[in-house]
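>>> Quick one, what's the 3D model for this:
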Amino acid sequence: MAMKNISVCIDMMFSRYDFYERIDAVKRCGIDTIEFWKWTNKDIDRIVALLKEKEMKLSIFNIDSKDEQLSYDLSRGILNDGRVEDFLKALEESIPVYKKLGASAMIVLIGEHKEYCAENIYKCLEAAKPLLEEHDITLIVEPLNNIDRVGYSMPYAAPVFELLRKLNSPHIKMLYDIYHQNMMGDFSMEDIKENIDLIGHFHVADAPGRHEPGTGNVDYATILSEIKKLPYEGCIGLEYRATKNDEETLGFLG
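Model prediction:
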């Protein structure tokens, strides 16, 4: 039986396999959902066919653009710069891919190397609301730690939750990455409980190291047990670099 609500990032995990073979590798572990980063460097039709063949689904992927410069900028984050037109262009490009994949959400990053500007981020996301509502698309905004990603404009959860409350849209949520928040000393189960309605996806990796749970200092047994008690129906995404074969690292899921 497939493990419910577990999603595997195949850009990071099962890397000893060819990219497309990773889908079957995930399925063999009893997990029926994958996720990945960029869509522009992948054969989306092939992925759709493989998911259908294996009776699997895709949870999330990154908003992207076939414009190479914009694609690069999106991978660093453009919301903080207030680049509304570029953001909407990438969103419009990504929506058909979202629908083809039957995705549940798209990741958007905040930005780097500039002071956090909530006004700019609000302006971008507010401008996206009509498209998101029209197409029933969910965006998830992701804080990243500023140790691995030096200069990331907003590595903390609370200001992002505050911004999402102000936006007040069921189509815009947060990707709560337990690894990133632990790296910042910012992880809080109380924050998660208070804002669970604003969380669209979780990411899991131990800290430090970003390896599988059990290799660092994070008490994943307790955290995942607590999340299971909450009114949360999204995925727990596995996004770590395993220190051994990925298949051997899933014991923490119970």
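
>>> Name the helix or strand for residue 108, please.
Take DSSP states H and E as the rule and residue 108 turns out to sit in strand 105-109.

>>> Please name the strands paired to that strand in the sheet, noting orientation.
strand 60-62 (parallel), strand 139-142 (parallel) (DSSP bridges).

>>> wait, isn't residue 146 in contact with residue 184?
Yes. Counting by CB atoms under 8 Å, residue 146 touches residue 184, with 7.4 Å between them. (Glycine included, C-beta is placed from N, CA and C.)

>>> got any ranges where this protein has weak pLDDT?
1-3 (pLDDT under 70).

>>> what are the ranges of the helices in the protein?
Assigned by DSSP state H, the chain shows helices spanning 21-28, 44-54, 68-76, 84-101, 118-135, 157-167, 178-183, 189-194, 220-228.

>>> returning to that earlier point: with respect to burial, which of the strands paired with strand 105-109 scores highest?
Stretch with highest mean neighbour count among these: strand 60-62 (a mean of 25; mean count of other CB atoms under 10 Å).

>>> roughly how far apart are the residue nearest to residue 230 when sequence neighbours are not counted and residue 176?
Leaving aside its chain neighbours, residue 230 sits nearest to residue 196 (4.8 Å; criterion: CB to CB, 6 or more residues apart in numbering). Counting by CB to CB, to the nearest Å, the gap from residue 196 to residue 176 is 9 Å.

>>> The two: who's more crowded?
residue 176 (26 against 14; other CB atoms under 10 Å).

>>> list the contacts for the more buried one?
Applying CB atoms under 8 Å, 6 or more residues apart in numbering to residue 176 gives the contacts 157, 192, 199, 201-203.

>>> Can I get these in CSV including distance to residue 45 and neighbour count?
As requested, these are exported to CSV (distance: CB to CB, whole Å; neighbours: other CB atoms under 10 Å):
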residue, distance to residue 45, neighbour count
157, 37, 23
192, 37, 21
199, 31, 21
201, 25, 24
202, 29, 23
203, 27, 23
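
>>> And the residues you listed, which is closest to residue 118?
residue 157 (13.8 Å; CB to CB).

>>> if I look at that closest one, how far off is residue 50?
Distance from residue 157 to residue 50, by CB to CB: 34 Å.

>>> now do residue 42
Residue 42 is 11 Å from residue 50, by CB to CB.

>>> cool, and residue 121?
Counting by CB to CB - residue 121 and residue 50 are separated by 35 Å.

>>> the more surrounded of the two?
residue 121 (27 against 18).

>>> OK, contacts around that one?
79-80, 82, 110, 141, 163.

>>> Most neighbours out of those, which is it?
If you rank the contacts of residue 121 by neighbour count (other CB under 10 Å), residue 110 sits at the top with 28 neighbours.

>>> mind listing what that one touches?
Taking CB under 8 Å, 6+ apart as the test, what residue 110 contacts is 77, 79-80, 116, 121, 141-144, 152-154, 160.

>>> If we use 7 Å, what do you get?
Contacts for residue 110 (CB atoms under 7 Å, 6 or more residues apart in numbering) come out as 77, 79-80, 121, 141, 143, 153-154.

>>> how close does the residue lying closest to residue 209 once chain neighbours are set aside get to residue 182?
Nearest residue to residue 209, sequence neighbours excluded (CB to CB, 6+ apart): residue 216, at 5.3 Å. According to CB to CB, residue 216 and residue 182 sit 8 Å apart.

>>> residues shared between the contacts of the two?
With CB under 7 Å, 6+ apart as the test, residue 216 and residue 182 both reach residue 207.

>>> ok, the nearest residue to residue 117 once chain neighbours are set aside to residue 92 distance?
Among residues not flanking residue 117 along the chain, residue 80 sits closest, at 5.5 Å (CB to CB, 6+ apart). Using CB to CB, one gets 21 Å for the distance from residue 80 to residue 92.
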